[in-house]
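Predicted model and sequence below, questions to follow.
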Amino acid sequence: MTYLLSHALDTLMESTYDSMANRLVEKLKSLPRDARIIIAIAGIPGSGKSTLSQQVIQRVNLRMKADVGRVLPMDGFHLYKSELDKMENPSMAHARRGAHFTFNPNKLLLLVRTLRERPHDIVMAPSFDHAIGDPVENDVDIGPQHRIILLEGLYLHTATPPWSDIYALCDERWFIQIPLEFARDRIGKRHVATGLAPTLEMAWLRWDENDRLNGEYVLRTRLPATFEIMSICT
């Protein structure tokens with residue numbers, strides 16, 4: 001019985017990935033050859049933004065038989081640890097890393113504008129090195145062939161500038177819905193698996209003191225989405 005339920009949920013999520021990928025492919029085919037589609041994918045911590053983005057882009061590239069899609073996580077736009085050290089309360093800033101004030105949205109806004117204004121150029125974007133805990137500049141290349149860009153991150157639908165300016169530059173905004181209690185379970189397991197917390201109890205404490213606060217901020221400040229996507233809770 002458990003296998004059948006799990007299989008049914010997997011099939012439903014696969015259908016969602018296929019549907020969103022097909023939508024992007026059809027939209028791309030209707031646009032001029034140098035046009036670029038930029039999608040802002042947001043949701044609370046643990047909602048499945050990274051999984052959705054990767055699965056959709058894989059399907060887009062397979063259908064187009066070319067490398068036309070690129071996922072751009074917001075992680076590369078974290079403030080450096082050295083920048084957190086210079087904040088008024090450095091210990092709080094480090095403890096709350098992942099909150100909206102620990103990112104550099106102006107830097108992301110500049111990149112999105114560049115992607116819009118220079119579709120024929122290679123644009124370099126930062127990634128994030130989890131081993132050192134800091135961004136890596138110019139680590140992701142986005143070329144003219146990358147005509148579908150999936151931005152994914154917590155605050156991409158936030159109503160205050162400059163986040164709202166990023167939102168306005170995107171063609172569509174996808175928001176992934178998930179109950180907080182399911183996200184808590186996912187994030188707890190992830191923190192243990194990645195070594196951020198030694199036990200589930202410590203991971204849930206981290207959720208209560210940071211991730212949940214960030215999720216509530218996302219829900220409280222978000223602008224309307226083009227599509228609401230339900231995350232499959234298992």
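It's in. Numbers count the residues shown, from 1 in each chain.

how distant is the host helix or strand of Ala168 from the center of its chain?
Using DSSP states H and E, Ala168 falls within helix 163-169. Remark: helix 163-169 is offset 14 Å from the chain centroid, using C-alpha atoms, centre = their mean, to the nearest Å.

So which elements touch it?
The contact analysis (3 or more C-beta pairs under 8 Å, 6 or more residues apart in numbering; DSSP states H and E) places helix 163-169 against strand 37-43, helix 105-117. (Glycine included, C-beta is placed from N, CA and C.)

Take those and lay them out in TSV including mean neighbour count and distance to Pro198.
As requested, the helices and strands packed on helix 163-169 are exported to TSV (neighbours: other C-beta atoms under 10 Å; distance: least, C-beta to C-beta, whole Å):
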stretch	mean neighbour count	distance to Pro198
strand 37-43	24	27
helix 105-117	17	33
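
Which residues are in contact with Met64?
Contacts for Met64 were tallied using C-beta atoms under 8 Å, 6 or more residues apart in numbering; they are 25, 28.

picking that back up, want to throw the helices and strands packed on helix 163-169 into CSV with mean pLDDT?
Output for these, formatted as CSV (pLDDT from 0 to 100):
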stretch, mean pLDDT
strand 37-43, 98
helix 105-117, 97
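
Out of the ones you listed, which is closest to Thr221?
strand 37-43 (10.5 Å; C-beta to C-beta).

Run me through the strand neighbours of that closest one, direction for each.
Its sheet considered, strand 37-43 pairs with strand 148-152 (parallel), strand 172-177 (parallel) by DSSP bridges.

Which residue is the nearest non-sequential neighbour of Thr158?
Counting by C-beta to C-beta, 6 or more residues apart in numbering, Thr158 lies nearest to Thr221, which is 4.8 Å off, once chain neighbours are set aside.

ok, the one you found - how many residues close by?
Neighbour count of Thr221, defined by other C-beta atoms under 10 Å: 15.

I'd say it and Pro161 touch.
No. In this structure, Thr221 is not within contact of Pro161 by C-beta atoms under 8 Å, at 11.8 Å.

for the helices and strands packed on helix 163-169, which one sits closest to Ala95?
Nearest of the helices and strands packed on helix 163-169 (C-beta to C-beta): helix 105-117, 20.5 Å.

what element comes up after the closest one heading to the C-terminus?
Scanning forward in sequence from helix 105-117 by DSSP H and E, the next helix or strand is strand 123-129.

tell me the angle that next one makes with strand 148-152.
For strand 123-129 against strand 148-152, the angle by axes from the mean of the first three to the mean of the last three C-alpha atoms, to 10 degrees is 40 degrees.
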